[in-house]
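Engineer: Take this sequence and fold it.
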Amino acid sequence: MSNEAATAQAAQPAEAAPDPDLHGLGTSLLPAEARAKTEGTFPYAADLWAEGLLWAAVLRSPHPHARIVSIDTSHAREMPGVRAVVTHEDIPGTPVCGRGKADRPVFASEVVRHHGEPIAAVAADHPDTARMAAAAVIVEYEALDPVIDPEQAFEAEPLHPDGNLIRHIPLRHGDPDAAGDVVAEGLYRIGRQDPAPIGAEAGLAVPRPDGGVELYLASTDPHSDRDIAAAAFGLEPERVKVVVTGVPGATADREDQSFQLPLGLLALKTGCPVKLTATREESFLGHTHRHPTLLRYRHHADAEGKLVKVEAQILLDAGAYADTSSDALAAAVAFACGPYVVPNAFIEGWAVRTNNPPSGHVRGEGAMQVCAAYEAQMDKLAKKLGVDPAELRLRNAMATGDVLPTGQTVTCPAPVAELLQAVQEHPLPPLPKDTPEDEWLLPGGPEGAGEPGAVRRGVGYGLGMVHMLGAEGADEVSTATVKVHDGVATVLCAAVETGQGFSTLARQIVQETLGIEEVHVAPVDTDQPSAGAGCRGRHTWVSGGAVERAARMVRTQLLQPLAHQFGMSTELLQITDGKITSYDGVLSTTVKEAMDGKELWATAQCRPHPTEPLNGSGQGDAFVGMSFCAIRAVVDVDIELGSVRVVELAVAQDVGRILNPAQLAARIEAGVTQGVGAALTENLRTPRGLIRHPDLTGYALPTALDTPNIQIVKLVEERDVVAPFGAKAVSAVPVVTSPAAVASAVRAATGRPVNRLPIRPQAAVVTDR
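Structural biologist: This next block holds a predicted model:
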């Protein structure tokens, strides 16, 4: 490894000493990096440094749609301190990239299809010089009319050689002529939520002596990023190495290809390390966002409130390129009816290209948008039937053994009714009049203009579901190695710690299996076998499963000689607190003594049962497993101003098994808070395809003051027998459910339909009262 690479490698996060009082599954073991993060010494990608470092800047299109007439880089190249300028002409390999589908140019060459699309990149000896040189690249554009309405994309001229339609899923389930006694219809719009990573998106590229390159990134899917980069650089994958730096949280893919690929190209061209730290504006322009969605629904129910049929049309705005839109659409169509028993369902789903910013993977994609719509429909049906909204949901709640509209039987635990009853029975928070006035925050904050007489309280419910792991035939495999030497265990697995707690879980698994207290998790890079992307709970399932299998293999290697010596089976031996004992007390020794200086190691894989793509009628066993959540929202609404305060969110969730109580609670609370943002404040506005206010002033993230009182009232531990440890993913389903619950509560408070997220103030104003 080069000196520069060694310098960057040295910036890997250092692990704290293990907590001697807590170990094994089911305990709240602290993350190894907790102290470093608390003290501000944890190194992220933006902290990396290398000898001879150059700085990169990317020139991005100011237009959402334009023809490129010419690109003149001569002025930028002549600037003092500029070492290289690259455009589409400098790409030695494949000129297009993409996670789900490779349809996105590394640099635009003839046409720009969205605001912020990369045109050129510059490397210079100072970051200010790089930015000025990027601005000095002269691009002559011929502006074209942008297609910004996804409904217009069907009739518009093709925006891409592959056309405007990315995917169409027509789901057909049951009797098309079925009809109910009561019908509710609705049109819903879900806005563009940005993942808004708080930590800066940054990276470092270091050229290698063999002509390859090393990329130091906060990647959530390093092997996929390596393969995409190698294709663009015209190199074999073995000559491109991705080293994962500290990841400052990720609710979506981080360090988009529009950051990664220019870095590598500039490092290869200059022969020097090159670093890029994106500004907040560049971050908004460069990465993908949640799919804005238009939904039309018609629900049929009988006189008792039992659902008879659901008809829906779902239109996802993919933006300029496909990315993971096909996956998002599959989730949206499959879960369009929610966690309810629906004997007849007819769903049409489309994902289309527009000239809006690209959409992609964001936690709960597809499922979140449809949850807001089908829960609004349940509220409408309840009102028409004169039934309590929670009671109507209970009458239709899904359970294990029921069938999804895709024809797949729900074989995993599905305690939907139990979850809803738990939040329904939880005591309501006190009304404003029951507490001292100085303890009551009016909607709009303590200094808001609201009057107590204009405030109405509302209670609403949301039921949500998500799938775990990949879907539709995705090969969800992960590999892990466990090594033990001198009483210390090391886990090697390319599962990235994105804040979901995998590195802590891996330590707990080895502690539980081998009884070894000191466990370290090695830094992640692509020299290790792939563990796949860090999303949809897959690392808890497949990577955790691989670690457990490898640890059990090491356990067998450790115990077999002792079992043979004492004439007993290894099943009769147990390891506790670093000691090996037999069932009868004859054998008692320490793990360190039993190893006698040897190094034991094993490598194992975990691969869940296969799935299949949805067929031409939207039918198929497309998902490995599912998780469910119920949330009751209590809100106060100022019906004159339309301002909303979320007073409390009561959460009940299907978790399978609690592996780390503290981490689980933190993941649920974080997911709920992200959902509150989607419900009330977060909407990346793009008038005429231009991102407006790409900063954290114009884009309103929930702060600590906006976070409501979150009560986790019940965690159902009904283990999923096909999942390692029986555990389920916990982060995504509260994101999916909480916006629907908040909207339901606002409807209850105002009587208004609330058909759009985020909820605009005018939607919560009551004029006739």
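Engineer: Can you list the low-confidence ranges for the protein?
Structural biologist: Applying pLDDT under 70 to the chain picks out residues 1-22, 252-255, 432-441, 444-450, 769.
Engineer: what residues are up against the residue nearest the centre of it?
Structural biologist: With distances taken as Cα atoms, centre = their mean, residue 363 lies nearest the centre of the chain, 3.0 Å away. Residue 363 makes contact with 195, 251-252, 535, 671, 674, 731-732, 735, according to Cβ atoms under 8 Å, 6 or more residues apart in numbering. From N, CA and C alone the C-beta is placed, and that goes for glycine too.
Engineer: ranges for the strands of the stretch 351-500 of the chain?
Structural biologist: Remark: strands assigned in the stretch 351-500 of the chain by DSSP state E, counting those that start in this stretch are 455-471, 478-485, 488-493.
Engineer: Can you lay out those as TSV showing distance to residue 410 and mean neighbour count?
Structural biologist: Shown next, in TSV, are those (distance: least, Cβ to Cβ, whole Å; neighbours: other Cβ atoms under 10 Å):
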stretch	distance to residue 410	mean neighbour count
strand 455-471	9	25
strand 478-485	25	23
strand 488-493	30	21
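Engineer: Which one of the ones you listed lies nearest to residue 711?
Structural biologist: Residue 711 sits nearest to strand 455-471 of all the strands of the stretch 351-500 of the chain, at 13.5 Å, using Cβ to Cβ.
Engineer: so what secondary structure elements neighbour the closest one?
Structural biologist: For strand 455-471, the packing partners by 3 or more Cβ pairs under 8 Å, 6 or more residues apart in numbering; DSSP states H and E come out as helix 325-334, helix 367-385, helix 389-396, helix 416-425, helix 538, strand 623-638, helix 732-750.
Engineer: before we move on, back to that, for ChimeraX, what selects the buried ones among the contacts of residue 363?
Structural biologist: Restricted to buried positions by 16 or more other Cβ atoms under 10 Å, the ChimeraX selection for these reads:
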select :195,251,252,535,671,674,731,732,735
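Engineer: State the pair within the contacts of residue 363 that is farthest apart.
Structural biologist: Taking Cβ to Cβ as the measure, the contacts of residue 363 have their most distant pair in 535 and 674, spaced 14.1 Å apart.
Engineer: Can you check which helix is longest in the protein?
Structural biologist: Across the chain, the longest stretch assigned as helix under DSSP state H is helix 544-566.
Engineer: For the helix or strand just after that helix, give me every contacting residue.
Structural biologist: As assigned by DSSP states H and E, the chain's next helix or strand after helix 544-566 is strand 573-576. For strand 573-576, contacts defined as Cβ under 8 Å, 6+ apart pick out 513-515, 555, 558-559, 562-563, 580-583, 587, 591.
Engineer: same thing but at 6 Å, please
Structural biologist: Applying Cβ atoms under 6 Å, 6 or more residues apart in numbering, the contact partners of strand 573-576 are 515, 559, 580-582.
Engineer: list the contacts for residue 277?
Structural biologist: Going by Cβ under 6 Å, 6+ apart, residue 277 touches 46, 200, 202.
Engineer: quick one: which of those has the most company?
Structural biologist: Highest neighbour count within the contacts of residue 277: residue 202, with 24 neighbours (other Cβ atoms under 10 Å).
Engineer: hang on, it packs against residue 44?
Structural biologist: No - applying Cβ atoms under 6 Å, one finds residue 202 not in contact with residue 44, separated by 7.2 Å.
Engineer: circling back: would you check how far apart the residue nearest to the centre of the chain and residue 413 are?
Structural biologist: In this view, residue 363 and residue 413 are 22 Å apart by Cβ to Cβ, to the nearest Å.
Engineer: and if you look at residue 531?
Structural biologist: Residue 531 is 26 Å from residue 413, by Cβ to Cβ.
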